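Peer 1: The following block contains a protein sequence and its predicted model.
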Amino acid sequence: MTDWIDIASIDDIPQRGARVVKTRAGCVAVFRTAADEVFALDNACPHKQGPLVEGIVHGSAVTCPLHNWVISLETGLVQGNDEGQVATYPARVEGGRVLLDTTFLQARSAA
Amino acid sequence: MTQEIIVIGAGMASGRTLEHLFDAGADVNVTLFNAEPRGNYNRIMLSPVLAGDKTYEEIVTHDADWYEANGVTCRFGERVASVDRAAKTVTAENGDVLPYDKLIFGTGSNPFMIPLPGHDLDGVIAYRDLEDTELMMSMGPQNKVVVIGGGLLGLEAAAGMAARGVEVTVVHIMGHLMERQLDETAGYLLRKALVDKGITVLCQANSKEILGQDGKVCALLLDDGTELPCDLLVMAVGIRPNVALAQDAGLAVGKGIHVDDQMVTSDKDILAVGECVEHNGAIFGLVAPLYDQAKVAAQTILGDEAAFVQKELSTKLKVTGCDLFSAGDFADGEGREDIVFRDPGRGVYRRLVIEDNVVVGTVMYGDTADSNWFFGLIRDKTDIADMRDTVIFGPAYQGGAPVDPLAAVAALPRDAEICGCNGICKGTIVDAIEGGATDLTAVRAVTKASGSCGTCTGLVEQVLAVTLGDDFVLPGAQPICGCTDMTHEDVRRMIKSQELKSMAAVWQECAWKTVDGCHVCRPALNYYLIADWPLEYLDDPQSRFINERKHANIQKDGTFSVVPRMWGGITTPDELRAIADAADKYDVPTVKVTGGQRIDLLGVKGEDLPSIWADLNDAGMVSGHAYSKGLRTVKTCVGTDHCRFGTQDSTGLGIKLEKALWGSWTPHKLKLGVSGCPRNCAEATCKDIGIVCVDSGFQIGIGGAAGMDVREVERLIDVETEEETIIAIKAMTQLYRENAKYLDRIYKWMNKVGLEWIRERIADPAERATLATRFDLSQTVYQKDPWAEHAQKKAAIYRPVANLSLEAAE
Ligand SMILES: Cc1cc2nc3c(=O)[nH]c(=O)nc-3n(C[C@H](O)[C@H](O)[C@H](O)COP(=O)(O)OP(=O)(O)OC[C@H]3O[C@@H](n4cnc5c(N)ncnc54)[C@H](O)[C@@H]3O)c2cc1C
Ligand code: SF4
Ligand code: SF4
Ligand code: FES
């Protein structure tokens, strides 16, 4: 079952930017692309836990602020020659509001 | 039995409904009310009427003969005042009561008027009907008009009046025009075309008040204080379904009048069509779906089965010379990919958004000949897996067409300046090549192009390649990144010579291969645009690395370091107390003295940044920019104030220099040192710019380094006074800002252009003065304390956008 929860207005997140959402099991980074899509990923780079929320967003990818690994916002997969994957969570926009699926929270805290 | 049908509103939707009814030979008796004093006309063609391409008579869809032939009783210029559903009657404005079997609402929508002070002044109008159009047509070359709203309607109004010689300004609140239908690049191309038509376009402009004189509009005031004088003000900011009458009649109404798939309202004898309806949560503003609704409504009345289905929509703009097309969805959905094609020469931009091998959206500008084919791909959900590599070129190219890496240079006009030093245009170079100068050395010898600082070498070679074709082998140059074939130097020249003043402009005119760049090119472009167009370009924080975006250095554990500015390395007991208090208050784990004579607070939590900055601000300190590609520190020795060897006031000069230079952005970090005598206690000779004081004045050296490379400065120039020193250093900084590649320190850049070239510029008094003036101009924009700005206005972005840790995770 999905259980969407309204976390913020889309305008609270800059275009080509991100904001942090705190959850019981750590921080999730919610990204907004130039095309106003939103994506939610763990806020930790698979390399050395860099805070992805602070990275540069381009197309539908983010570049980690610490050592420039590039991570797909869609799949969480590290692009290029490096390897790794970040957990992604369902997120969407409806009527200008950003919604996250709270079932992921359960999955996270259960894990 | 003949059905009595009453229609409220003679609009585009109701007109089409009647056509379908009569075509089907329906046994009906129709009475048609219209608040406008005329019958059905093609509202969308008001724009060509305004532009003078058509007359009103040409856009009338139903004339008196047609109404007569079909037995329609016309009550034009008469509003329906009320509906009595129980009695099944309508009451006209003059009190007439008429019975109906079926009632059709086609009341359209009302233009939304922003309730700004002054919105009810004379001369403030919308753009909806013939009256509005005629008022705009009464304007001429002697008039000024302001249009609020850079959407479809606003731009058609603006272009129509501009075609009549009116001086038009469009005021748009968003960052680019038609933001709902276009992306930044298409918005940029559109703006460029409109500006070429003489229209002034202001984006990110917020209207504050409409000013009037004797009850008539005279100007629009923006919230930045700009006053735009005007004789007429057109508001085109959106529409609202016209539902008042339906609401009074007790029909179910949301945003619009609720209808089902058969276009029947909550009353089975009342139908609604057009912009006044709401169907499945959607409302409508384009005619294509209204025509579908009209057909369904007619069939419902005839007793046939039919259902209205919402389909993909597309948008075009009816402005001559602005060929744009936008369709489908490029704003939502996961797992999507972009395909981009740009042809700077023809001003063409095409973008397809693909999801699971299906095109879901497209934006096109400049060449929309194939738009229907692309729209077909979207509507039919065609699987494009087999033509993925070539689909962007349209149906004619399904064999494949190469993308030309030289397109951007090929597209440059003859008067585009290629060599900035010597002022050599493309045409001159082409002439030289055609005159027999077929390699770089020959071109240099004949034209001087690329003969000075050499940064335009890449572009000159590309001109050779474009002119000579296969006879010239282009040396492989390192492009900025995978988004482009151009080098940093090429792009910088393009920005200057083609006056590219936005990121979207660079992407388009330099044929970027991606939609919005990457982490390599975006910070570089942001810097180049800031440096070259300080007044016109708006800094884009989202194109900066985290340190510059958050004005603090990120540490390996995700915390930040905070370094307040200490002018020339001088501090006071009060400042030190405030720093100590802040360190205590925010649990700062490490306090360190840096090599640049500053105090570094390391390990500050991201969320605490705005508060610690505010505290330091209160004690009179500003950001030390220890994170920026910009002026970092001016390190000084104690000089004549305290040192027995001192020849000049090195501390005082250092403070003056730091106060003059702080806040400026440079290609890489910029560190200065001022030593009071050649004993050089401030280590000035390994700084980017180092000043050594001597009895006769000041020796300025540049290009020192003490990082991975260690180098001593080379002497640039000697001057006699502090004032001359400051001007020379401002000029030097500006020269570096305007010419160096992003992320080149001064010594690296100096190796490329040569110390001689730099010295010639700085030694020439006139050039030195203009460089310093340009530096000062840029400082009027950028010399601002980012801490104060962020602590006061942007503190929220440092906090989580939501905290779900308290929510029960059932
Ligand atoms: C300048 C302009 C350009 C446009 N360009 C395009 C375009 O290029 N492409 C596109 O797809 N769409 C375009 N549109 C939008 C398109 O014109 C509308 O979607 C369409 O006209 C809506 O049709 P409608 O029948 O719902 O309403 P309308 O055509 O607005 O008709 C409604 C009528 O009802 C009358 N009315 C309202 N209340 C009452 C009442 N109580 N009693 C009697 N009469 C009443 C009104 O006076 C009005 O005449 C444009 C619109 C404008 C204004
Ligand atoms: S550089 Fe010269 S003036 Fe400055 S402190 Fe050293 S000895 Fe004194
Ligand atoms: S010298 Fe190396 S480790 Fe030390 S602060 Fe500089 S970059 Fe970090
Ligand atoms: S932690 Fe992300 S790239 Fe190193």
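Peer 2: That came through fine. Ligands and ions are numbered 1, 2, ... in the order given.
Peer 1: Could you pull up the residues touching the residue of chain A found nearest ligand 1?
Peer 2: Using C-beta to the nearest ligand atom, A:Gly95 is the residue of chain A that sits closest to ligand 1, at 22.4 Å. The way it works is simple: take the backbone N, C-alpha and C, and place the C-beta from them, glycine included. Listed by C-beta atoms under 8 Å, 6 or more residues apart in numbering or on different chains, A:Gly95 has no contact partners.
Peer 1: Equivalent analysis for A:Gly55, please.
Peer 2: Contacts of A:Gly55 by C-beta under 8 Å, 6+ apart are A:Ala18, A:Val62, A:Thr63, A:Cys64, A:Pro65, A:Ile71, B:His519, B:Ile546.
Peer 1: What about those, which are in strands?
Peer 2: A:Ala18, A:Val62, A:Thr63, A:Ile71 (DSSP state E).
Peer 1: count of neighbours near the first one?
Peer 2: To tie it back to what came earlier, the one meant is A:Ala18. 28 (other C-beta atoms under 10 Å in any protein chain shown).
Peer 1: ok, it touching A:Thr33?
Peer 2: No. The pair A:Ala18 / A:Thr33 is not scored as a contact, 9.9 Å apart, by C-beta atoms under 8 Å.
Peer 1: before we move on, the earlier item: including pLDDT and distance to ligand 1, could the ones in strands among the contacts of A:Gly55 go into a markdown table?
Peer 2: Compiled in a markdown table, the ones in strands among the contacts of A:Gly55 are given as follows (pLDDT from 0 to 100; distance: C-beta to the nearest ligand atom, whole Å):
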| residue | pLDDT | distance to ligand 1 |
| --- | --- | --- |
| A:Ala18 | 94 | 37 |
| A:Val62 | 94 | 38 |
| A:Thr63 | 93 | 41 |
| A:Ile71 | 94 | 41 |
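Peer 1: ok, and which of those reach chain B?
Peer 2: A:Thr63 (C-beta under 8 Å from any C-beta of the partner chain).
Peer 1: Quick one: the ones in strands among the contacts of A:Gly55 as a markdown table, columns for distance to A:Thr103 too.
Peer 2: Formatted as a markdown table, the ones in strands among the contacts of A:Gly55 follow (distance: C-beta to C-beta, whole Å):
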| residue | distance to A:Thr103 |
| --- | --- |
| A:Ala18 | 22 |
| A:Val62 | 24 |
| A:Thr63 | 29 |
| A:Ile71 | 23 |
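Peer 1: can you give me the strands in chain A?
Peer 2: According to DSSP E, the strands that chain A contains are A:4-9, A:17-23, A:26-32, A:38-42, A:56-58, A:61-63, A:70-72, A:88-89, A:91-94, A:97-101.
Peer 1: Just give me how far the shortest one sits from the chain centre.
Peer 2: So that's strand A:88-89. For strand A:88-89, the separation from the chain centroid amounts to 7 Å (computed by C-alpha atoms, centre = their mean, to the nearest Å).
Peer 1: and what of the fourth one?
Peer 2: Here strand A:38-42 is found 2 Å from its chain centre; the criterion is C-alpha atoms, centre = their mean.
Peer 1: cool, and the fifth one?
Peer 2: Taking the mean of its C-alpha atoms, strand A:56-58 sits 12 Å from the chain's own mean (C-alpha atoms, centre = their mean).
Peer 1: what stretches of chain B score poorly on pLDDT?
Peer 2: Residues of chain B meeting the criterion pLDDT under 70: B:330-335, B:396-405, B:806-810.
Peer 1: Would you mind naming what in it lies close to ligand 1?
Peer 2: B:8-14, B:33-36, B:43-44, B:46-47, B:79-80, B:106-108, B:127-128, B:153, B:156, B:242, B:245, B:274-275, B:285-288, B:290, B:318 (C-beta under 6 Å from any ligand atom).
Peer 1: And chain B, what are its domain boundaries?
Peer 2: Domain assignment for chain B by automatic domain parsing gives B:3-110+B:241-302, B:124-237, B:314-403, B:407-471, B:547-623, B:631-784.
Peer 1: Between its first and last residues, how far does the fourth one reach?
Peer 2: In domain B:407-471, first residue to last residue: 17 Å (C-alpha to C-alpha, to the nearest Å).
Peer 1: Ok, the fifth one next?
Peer 2: Start and end residues of domain B:547-623 are separated by 13 Å (C-alpha to C-alpha).
Peer 1: circling back to that earlier point, find residues that contact each of A:Ala18 and A:Thr33.
Peer 2: A:Val57.
Peer 1: Mean pLDDT per helix and strand in chain A: which one sits at the bottom?
Peer 2: Every helix and strand of chain A was ranked by mean pLDDT, DSSP states H and E. The lowest is helix A:103-110, at a mean of 59.
Peer 1: B:Ser650: how many residues sit nearby?
Peer 2: 30.
Peer 1: Quick one: the strands in the stretch 351-500 of chain B, in order.
Peer 2: With DSSP state E, counting those that start in this stretch as the criterion, the stretch 351-500 of chain B has strands at B:358-365, B:417-419, B:424-425.
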